[in-house]
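# no letters, just coordinates:
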């Protein structure tokens, strides 16, 4: 490989860093009333909750959550978040609105953040969502034009079902970045540059952009283009941005060196938790610096095939464990202790969420922390081992500047997940005709909110 | 289980969801279906990397595309036009790459000279024009229009004020390079002609070189385009033959099989250290290397195709692989060509990479092997696993893996429609190969049964083991149609459509003559040479 020079780059090409870089400094004071943000962390394959198996996920009692009580419920996966009991909002009784189309995992992934229907074609493992995702809606409404929601991934890509979460619109799946070093460089990579050089760079880029826009316009002006081709060129044209400047932040060099070192092995089972934490560092930095208001982090592929290590032993593919059999289809020899192992994997995800909450809490803001300004959602694209779409897990943390009523476990009462995203979207600042957003997801779903979530 | 799997497996043999049928059923008339393809298929990241290397005369790939925003899955291959979009993230990647490359490719006078035409004038404006016409032809893969040339001349002139460089001319070159590399005419394989028109010579040159080399046309191909030599199928064939004889075609053929046969799955193998003390994770790379060398041998040295890929017992091993194959003799770190025991091994499906990556850490996975063969080799119609997976019956002791699988899924059970008739018979042929791909004659002290019956080409065929099954597959119409269908997807960079059915039937016949014959035939179809009608959007 040719040695690369360091050039200016930044988020969506629209933002570059000014020379005064800050280091990633926990306890850095931020202004109170920081713009709210949402982070969506997705686990695959459902959780161990009450079916023909015992309840091992939700807290024991509805109502107020306390640290001591939650910590004592060690047979429940949510207990690993007991340190944050007063900041949690645990919601059961939320369902996906539509059936899958030939593949439970894919259909769940399609609806997870979209509350939209699953495509007729393609179907099966290749099915797609028929609507935009909530992170896209937040970014579209609240981030500068051309700045995309942060879309990250940790772990394997098997080539069967890979990223599933973020949609620009119907059937427009957004690729996720699985390599923390690349993700970081794209967001924050920068070089020192003086003001005069910056002006020249702006002028050079805008001259080049003008020529390229001319080429694009000539192609787009044709009347004999198919709809797909029109959309293709339109997305490209809208992606061309002139240079803007902003402040930026950075991670310590040692952390970056770790990210660079792990690059060749970002997809292995052994590294999935390490990579998840690196991606979380990037998410925390990105929201603390105000460069994004919405981020997704998918852990594992569509039907997560990571071989997690539990009790010092590398286990079977998580997908196999989730179905309790040695196989990706509907048959295989039973796996011993599969329920316990799945529960252990649920706790691993809970602990990963805790890592992110710790990071966000390390930024103090007035009387609270950065976590208080935003909301982190730990969710799943399935409810349980049966590919069920009913009672999908939603564990939220952070109050979004007081919008969300935290410190409680509630039952939403068998509602569809568009209402969940209406609450979260509104908490972050999305509006519909000037009022809280109540119309997210497929129009056939009943609009509105899960009111018990809101203060 | 039976309810969920339903009738999807029985009867029509065809394709995975979202893909159209091959030779099965009546062949529609050519005008019965419209072929919808993009006018702006984007270069895949591999094609982009190769193109900038050739365009800028870099001595090695820049490696820049490794950090590009990835593309979502779009079927089996990485070049499906429907998944290849320029998003804000990728546009920023392209911009930064263009800026880096504009300096990299002009870092000394000799490099700048390479980008120039022979005998360029020295007067600055005339020299700039000569550069832009010459380089523009290669970047856009066609001559620049007068309007385009005017725009580039204006940009070139701005270079001296806006970018750094040793002299004004180099500065102009650098700024122009940034625009060339970001232009849609470089990023897309633009097909500008009207519907049902033959593609222009330059468009055909581009299509040929990206299909056969995954990169831009060379000077000879552009010359052939401008002199009208690609106007006939014969002219296209002559050009295609030259391209196919080049080493770049070998890389393309390797990439096709890498994706079709999922060599990436060899990267993260995990085997039980007690049962398989000779396993190390580094073996995955050896298995990949073996597969690559094997396919190159079959396609380019033996002029074979899918039949030989499935049946040829020649392979390449180093010391570690020789041990797994049970070969006698002295082997070292280098790979050497060997002949495997033809009673135990035939082609690709009896190679350790396929066998070990479709296995658990303890034992062979008959179902996964069967699903792979049905989907990737035969193109039998299997639905995805069912939406809901009911619990299994309690564990019981079975003598062999096969017995256990049959008990749950075989003929006479509720899983019979997919597993019993299609998946299990294909997988069971390989019961002699353990989780690492080693040949074994018994399992837990019990004899191994690798015989079965599979519905191939509309009739039930029986076989005693993998070698016999592979021989049957190698002669099967379904297998040749499947191979041709995958080649069509890769060569044309799109999903196959109903309108492709007549051409696919012909291509399946060409497949019997070998992969090279099939690839050349793909340059002779109407779909290759013309743009098909499509619905217009005012």
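Noted; the coordinates are in hand. Please read all numbers here as calculations on a predicted model, not as lab measurements.
# who touches residue B:285 in this structure?
B:266-267 (CB atoms under 8 Å, 6 or more residues apart in numbering or on different chains). Backbone N, C-alpha and C define where each C-beta goes, glycine included.
# any idea how far residue B:264 is from it?
11 Å (CB to CB, to the nearest Å).
# cool, residue B:474 as well?
25 Å.
# ok, now which ones touch the residue most central in space within chain A?
Central residue of chain A (CA atoms, centre = their mean): residue A:296, 1.4 Å from the mean position. Residue A:296 sits next to A:39-42, A:113, A:133, A:135, A:149-152, A:165-166, A:176 when contact means CB under 8 Å, 6+ apart.
# host element of it?
For residue A:296, the host element (DSSP states H and E) is strand A:294-299.
# measure how buried residue B:337 is and give me the count.
By other CB atoms under 10 Å in any protein chain shown, the residues close to residue B:337 number 12.
# circling back: pLDDT value on the residue nearest to the centre of chain A, please?
Listed pLDDT for residue A:296 reads 98.
# same question for residue A:10.
39.
# over to residue B:96?
At residue B:96, pLDDT is 89.
# how close does it sit to residue A:197?
Per CB to CB, residue B:96 is found 16 Å from residue A:197.
# neighbour-wise, which of the two wins?
Per other CB under 10 Å, whichever of residue B:96 and residue A:197 has more neighbours is residue B:96, with 22 against 13.
# so which strand or helix has the more buried one?
Residue B:96 is part of helix B:88-104, with elements assigned from DSSP H and E.
# which element follows that helix toward the C-terminus?
Heading C-terminal from helix B:88-104 (DSSP H and E), you reach helix B:109-114.
# circling back: return the set of residues that bridge with the residue nearest to the centre of chain A.
Bridge pairing for residue A:296 (DSSP bridges) gives the partners residue A:40, residue A:151.
# then residue A:90 would be within a strand, right?
Yes. The assignment for residue A:90 by DSSP: H, G, I helix; E, B strand; the rest coil puts it in a strand.
# leaving out chain neighbours, which residue sits closest to it?
Leaving aside its sequence neighbours, residue A:90 sits nearest to residue A:409 (CB to CB, 6 or more residues apart in numbering or on different chains; 4.2 Å).
# any idea whether the one you found is helix, strand or coil?
strand.
# quick one, what contacts it?
A:58-59, A:61-63, A:65, A:88, A:90-92.
# over to residue B:228?
Taking CB under 8 Å, 6+ apart as the test, what residue B:228 contacts is residue B:201.
# near chain B, which residues of the stretch 51-200 of chain A?
A:52, A:99-100, A:102-104, A:106-107, A:121-126, A:146-148, A:156, A:158-159, A:161-163, A:168, A:173-179, A:182, A:185-186, A:200 (CB under 8 Å from any CB of the partner chain).
# mark which of the residues you listed are buried, thanks.
A:100, A:102-104, A:106-107, A:122-126, A:146-148, A:156, A:158, A:161-163, A:168, A:173-179, A:182, A:185-186 (16 or more other CB atoms under 10 Å in any protein chain shown).
# so which of those residues are in strands?
Those of these mapping onto strands are A:168, A:173, per DSSP state E.
# and residue B:474 and residue B:264? Which one has more around it.
Neighbours were counted for residue B:474 and for residue B:264 using other CB under 10 Å; residue B:474 has more, 21 against 16.
# what's the closest non-adjacent residue to the more buried one?
Residue B:474 sits nearest to residue B:307 (CB to CB, 6+ apart), 3.8 Å away.
# so the one you found, which of the three states?
helix.
# that one contacts residue B:477, correct?
No. Residue B:307 is beyond contact range of residue B:477, at 11.7 Å (criterion: CB atoms under 8 Å).
# tell me which of these two has more neighbours.
Higher neighbour count among residue B:307 and residue B:477: residue B:307, with 24 against 18, using other CB under 10 Å.
# list the contacts for residue A:149?
A:135-136, A:138-139, A:143, A:166, A:174, A:292-296.
# how about these, which pair is most distant?
A:174 and A:293 (15.7 Å; CB to CB).
# strands of the stretch 351-455 of chain A, start to end?
A:364-365, A:368-369, A:375-380, A:394-397, A:408-416, A:431-432, A:435-436 (DSSP state E, counting those that start in this stretch).
# what's in contact with stretch A:344-358?
Against stretch A:344-358 from outside (CB under 8 Å, 6+ apart): A:39, A:41, A:43, A:47-48, A:56-57, A:77-81, A:83-84, A:87, A:273, A:276-277, A:280, A:283-284, A:299, A:308, A:310-311, A:318, A:321, A:371, A:376, A:378, A:395, A:397-398.
# which of the residues you listed are buried?
Judged by 16+ other CB under 10 Å, buried ones among the contacts of stretch A:344-358: A:39, A:41, A:43, A:47-48, A:56-57, A:77-81, A:84, A:87, A:273, A:276-277, A:280, A:283-284, A:299, A:308, A:310, A:318, A:321, A:371, A:376, A:378, A:395, A:397-398.
# so which of these are in helices?
The helices, defined by DSSP state H, take in A:273, A:276-277, A:280, A:283-284, A:318, A:321, A:371 from the buried ones among the contacts of stretch A:344-358.
# on the pLDDT front, check residue 258 for me.
With no chain named, the answer covers chain A. pLDDT, read off for residue A:258, is 95.
# wait, chain B was what I had in mind.
96.
# list the contacts of it.
B:264, B:288, B:291-292.
# top of the residues you listed by neighbour count?
Going by other CB under 10 Å, residue B:291 tops these with 24 neighbours.
# so that residue makes contact with residue B:264?
No. Contact criterion CB under 8 Å: residue B:291 and residue B:264 do not qualify, at 11.2 Å.
# for residue A:37, which non-adjacent residue is spatially closest?
Per CB to CB, 6+ apart, closest to residue A:37 is residue A:374, 4.0 Å.
# and the closest residue to residue A:237 other than its chain neighbours, what helix or strand is that in?
Distances taken as CB to CB, 6+ apart put residue A:216 closest to residue A:237, at 5.0 Å, once the chain neighbours are dropped. Taking DSSP H and E as the criterion, the element that holds residue A:216 is helix A:195-220.
# before we move on, the earlier item: among the ones in helices among the buried ones among the contacts of stretch A:344-358, which two are most distant?
A:321 and A:371 (31.3 Å).
# got any ranges where the chain has weak pLDDT?
Picking chain A for this. A:1-33, A:189-194, A:244-249, A:330, A:366 (pLDDT under 70).
# wait, chain B was what I had in mind.
In chain B, residues with pLDDT under 70: B:1-34, B:194-196, B:383-398, B:404, B:407-417, B:532-538.
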